[in-house]
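Chemist: need a structure here:
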Amino acid sequence: MDQQKLRALVFEKTGVKIDVDDPVFALVALNEAVLEEAVERHIARIDAASQTLVEHAVHAGPSHHHGHESHPPGYVPTPSAGVVRPIATQTSPITPRELRLLGAAAGIALASALIVLGGQAAFHKSGLTPEQAQALQKAEKLEQALQKLDPKLRAQLPAELQK
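Modeler: Residues are numbered from 1 along each chain as shown. Model (predicted):
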């Protein structure tokens, strides 16, 4: 999993910047593990079905052939429909175990996000010096006072301030 590539993709699609140590990457790792397990399970099923198909084809080969037809070397007749079981292609999209894992991952991600946001709120400082904070308060008071002035006088102020 290329975290930098995932970060760039998330930013392109949502405009949200995430850091490589963001808890969301734990959820991505968990999702990869669940997906890998599901894929391995499906590959094992396909391999077993393929092996069964080969075994049936071998047993239905030339040694069980009745009649006097001649066939080229390596010819294996197609077994009848009753001999070969169809390969299972339909399965439940999410097993109960996968559903529990996804639920746990979602819960962990939500709890992690709440902890991070709570920590940021608890330790966030405005980053302003006392002088800057005081200047902002003064500017707010001036803005309130300007709003109380006559509209004509208020319109003249920007020109006077440019001088």
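
Chemist: excluding chain neighbours, what is closest to Leu128?
Modeler: Leaving out its chain neighbours, the residue that sits closest to Leu128 by Cβ to Cβ, 6 or more residues apart in numbering is Leu136, at 7.2 Å. Any C-beta I mention is one placed from the backbone N, CA and C, and that applies to glycine too.

Chemist: nearest the geometric middle of the protein, what residue?
Modeler: Val28 (6.1 Å; Cα atoms, centre = their mean).

Chemist: burial measure for the residue nearest to Leu128, as a count.
Modeler: For Leu136, the count of nearby residues is 12 (other Cβ atoms under 10 Å).

Chemist: same question, Asp22
Modeler: What Asp22 shows, counting by other Cβ under 10 Å, is a neighbour count of 19.

Chemist: how close does it get to Val54?
Modeler: Taking Cβ to Cβ, to the nearest Å as the measure, Asp22 falls 48 Å from Val54.

Chemist: right, and the residue nearest to Leu128 touches Thr129 too?
Modeler: No. Using Cβ atoms under 8 Å, Leu136 makes no contact with Thr129, being 10.7 Å away.

Chemist: need the CA coordinates for the worst-scoring helix or strand of the chain on mean pLDDT. CSV is fine.
Modeler: Taking mean pLDDT, DSSP states H and E as the measure, helix 151-162 is the helix or strand of the chain with the lowest mean score, a mean of 80. Below are the C-alpha coordinates for helix 151-162, written out as CSV (Å, rounded to 0.1, in the frame of the first residue of the first chain):
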residue,chain,number,x,y,z
PRO,A,151,-23.9,55.6,5.0
LYS,A,152,-22.7,58.7,3.1
LEU,A,153,-19.8,59.2,5.5
ARG,A,154,-19.1,55.5,5.5
ALA,A,155,-18.7,55.6,1.7
GLN,A,156,-16.1,58.4,2.0
LEU,A,157,-13.9,56.6,4.5
PRO,A,158,-12.0,54.2,2.1
ALA,A,159,-11.0,57.2,-0.1
GLU,A,160,-9.8,59.1,3.0
LEU,A,161,-7.8,56.1,4.3
GLN,A,162,-6.0,55.8,0.9
